[in-house]
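Engineer: Structure here, sequence nowhere to be found:
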């Protein structure tokens, strides 16, 4: 039977199709490049402005005059063309789109590799580069190859102190950095109804780290509950015994807190094996783990304690930040000594606001620990928000189960 | 216009080379594409940039993984790379190469070393190195069309004129 990707795209795996795009989004980084391409095409006009979104998150606010000038040009285009525009402080594009802009069954293209995040909502969502985005601006459509699918079967439930990020790092390690190249991941199995939306977003976010085109959850009661907050209708999606090219079985009860070690996302070790590793900086945020629930997990551990190492917290969106303020989570983090940055990508991509120096070691809740990414000559470990918070207290990698 | 066939010396790099290593995040914000050619592969091996003009880049599996930055494909193109060959590519990098007019070939050339002369033909789907011809699946007609016009900018201009 058909996979969810085949159902949404309306063709069997392996077929090349031209598809009208329901939502097309980019950020300041790729948007500026898309505008250069769009101008080179002769600026022929945007075919379907209501489906186009520009969201400033990567270098937000601008770090220097050159960036500011490029951002100003794109801002002008956004206003002139009447596309949806979110300026600095709104949040990371994937999170902003997840907050009521995307519905199950839609085809969503983002000019950013982590666009697969939105598969959590039962949309077919994937990333492209700047030229493809410009092509969608001018035509409203793009070509796609309908992917094969890999079934990720979830059973059991998580042990205390273990989080969805640990599950994400574990499945990426299991598949390998190119284990799912050109394919889509479908998260299915008896445990999926109990995976909360924030966990689904984390799991789908890291699909690209295994090379996948996207990661998908079938829209269910949890999707409906989540989207009701934004008054987005939620058609249910039914699993129809799809044909997978590969299956990966994960018993959630077997998963323990892990870190991806420098410099590969698919190389993980249990946190206890790394305990005591010296840290110069902890970063809690990004499209993987900057949501309110992530900040709340960190705050539960840090409340009433004090961080021993510089700790940067960057909420994924304005909405997440506001929730953290109104609930007292932000106050707990600040009282513990954390530095809170404006909603956006923070230092994740190595362009500003917390970049590391030569020889420094960071623990981060991000999705990538590529060599030199967050600062030349530095090392990065990836982990869950609870592991990050527990480690911040001691200034070294620490098992959150020993602190909770 | 992009040449879909050509010949040049191999420059070999490893597997799982991410786009951060092709062009670092700190260099992305500019309109001057030649700037990226100066800094291409800087964090991998600074000596590479000077050896790419007229060369065929031979990579290991999963070439171009990670970030969607088109600047990675653009940097290689600006540096004068004739084609990129790897057993597998990350899919966004694959699209980006087509869109900037940089031919890529999905082919495993394990054993190829720096300086070996590589001859390729994207339309027929073959690569020759050291007297051996390797066949690979040719690019789809659409990809060949985008590539041969010189990339997506020219492709759209031409489509508009029709």
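Structural biologist: Here it is on my side, so go on. Keep in mind it's a predicted model, so treat the numbers as computed, not measured.
Engineer: Now do the contacts for residue A:272.
Structural biologist: Applying CB atoms under 8 Å, 6 or more residues apart in numbering or on different chains, we find residue A:272 in contact with residue A:399. Bear in mind the C-beta positions are built from the backbone N, C-alpha and C, glycine included.
Engineer: now do residue A:121
Structural biologist: When the contact criterion is CB under 8 Å, 6+ apart, the partners of residue A:121 are A:98, A:102-104, A:197, A:217, A:219, A:223, A:226-227.
Engineer: Most neighbours among these, please name it.
Structural biologist: For the contacts of residue A:121, the largest number of neighbours (other CB atoms under 10 Å in any protein chain shown) sits with residue A:98, at 30 neighbours.
Engineer: circling back to that earlier point, looking at the contacts of residue A:121, spot the one nearest residue A:240.
Structural biologist: For the contacts of residue A:121, the closest approach to residue A:240 (CB to CB) belongs to residue A:219, at 13.8 Å.
Engineer: returning to that earlier point: so of the contacts of residue A:121, which ones are in helices?
Structural biologist: In helices, judged by DSSP state H, the following of the contacts of residue A:121 are found: A:98, A:197, A:223, A:226-227.
Engineer: Between these, which sits nearest residue A:113?
Structural biologist: residue A:98 (16.1 Å).
Engineer: Quick check, the closest one in contact with residue A:204.
Structural biologist: No - contact criterion CB atoms under 8 Å: residue A:98 and residue A:204 do not qualify, at 9.9 Å.
Engineer: Now the common contact residues for those two.
Structural biologist: Common neighbours of residue A:98 and residue A:204, counting by CB under 8 Å, 6+ apart, are A:117-118, A:120.
Engineer: Keep only those of those residues that are in strands.
Structural biologist: Secondary structure from DSSP state E places none of the shared contacts of residue A:98 and residue A:204 in strands.
Engineer: For those, which entry has the maximal number of neighbours?
Structural biologist: Comparing these by number of neighbours (other CB under 10 Å), residue A:117 comes first, having 34 neighbours.
Engineer: Might one say that that one is in contact with residue A:201?
Structural biologist: Yes - Residue A:117 lies in contact with residue A:201 (CB under 8 Å); the separation is 5.6 Å.
Engineer: Common neighbours of the two, please.
Structural biologist: Shared contacts of residue A:117 and residue A:201 (CB under 8 Å, 6+ apart): A:94-95, A:98.
Engineer: What ranges does the stretch 301-404 of chain A have for its strands?
Structural biologist: Assigned strands in the stretch 301-404 of chain A, in chain order: A:310-313, A:339-340, A:361-364, A:379-382 (criterion: DSSP state E, counting those that start in this stretch).
Engineer: Compare the ones you listed and report which one is nearest to chain B.
Structural biologist: Closest to chain B of the strands of the stretch 301-404 of chain A is strand A:379-382 (CB to the nearest CB; 11.6 Å).
Engineer: Could you list every helix and strand in contact with that closest one?
Structural biologist: Counting contacts by 3 or more CB pairs under 8 Å, 6 or more residues apart in numbering or on different chains; DSSP states H and E, strand A:379-382 packs against strand A:258-260, strand A:361-364.
Engineer: how about those strands in CSV, adding mean pLDDT, distance to residue A:144 and mean neighbour count?
Structural biologist: Output for the helices and strands packed on strand A:379-382, formatted as CSV (pLDDT from 0 to 100; distance: least, CB to CB, whole Å; neighbours: other CB atoms under 10 Å in any protein chain shown):
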stretch, mean pLDDT, distance to residue A:144, mean neighbour count
strand A:258-260, 98, 30, 27
strand A:361-364, 98, 32, 26
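Engineer: could I get these as a markdown table with distance to chain B?
Structural biologist: As requested, the helices and strands packed on strand A:379-382 are arranged in a markdown table below (distance: least, CB to the nearest CB, whole Å):
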| stretch | distance to chain B |
| --- | --- |
| strand A:258-260 | 13 |
| strand A:361-364 | 14 |
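Engineer: Let me have these in JSON lines, adding distance to residue B:98 as columns.
Structural biologist: Below are the helices and strands packed on strand A:379-382 laid out as JSON lines (distance: least, CB to CB, whole Å):
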{"stretch": "strand A:258-260", "distance to residue B:98": "31"}
{"stretch": "strand A:361-364", "distance to residue B:98": "33"}
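Engineer: Residue numbers of chain B in contact with chain A?
Structural biologist: For chain B, the contact set with chain A under CB under 8 Å from any CB of the partner chain comprises B:16, B:18, B:20-21, B:24-26, B:28-31, B:43, B:61-62, B:65-71, B:73, B:88-92, B:95-96, B:99-100, B:140, B:142, B:151-153, B:156-157, B:160.
Engineer: let's see 6 Å
Structural biologist: Applying CB under 6 Å from any CB of the partner chain, we find that chain B lies next to chain A at B:16, B:18, B:20, B:25, B:29, B:31, B:43, B:61-62, B:67-68, B:70, B:88, B:91-92, B:95-96, B:99, B:152-153, B:156.
Engineer: what sits against residue A:280?
Structural biologist: By CB atoms under 6 Å, 6 or more residues apart in numbering or on different chains, the contact set of residue A:280 is A:360-361.
Engineer: likewise the one 4 residues further on?
Structural biologist: For residue A:284, the contacting residues are A:298, A:313, A:365, A:385, A:388, by CB under 6 Å, 6+ apart.
Engineer: longest helix anywhere in chain A?
Structural biologist: helix A:65-81.
Engineer: which residues sit against that one?
Structural biologist: For helix A:65-81, contacts defined as CB under 6 Å, 6+ apart pick out A:28, A:31-32, A:35, A:46, A:49, A:54, A:59, A:62, A:85, B:29.
Engineer: can you pull the buried residues of it?
Structural biologist: Neighbour counts over helix A:65-81 (16 or more other CB atoms under 10 Å in any protein chain shown) mark A:67, A:70-71, A:74-75, A:77-78, A:81 as buried.
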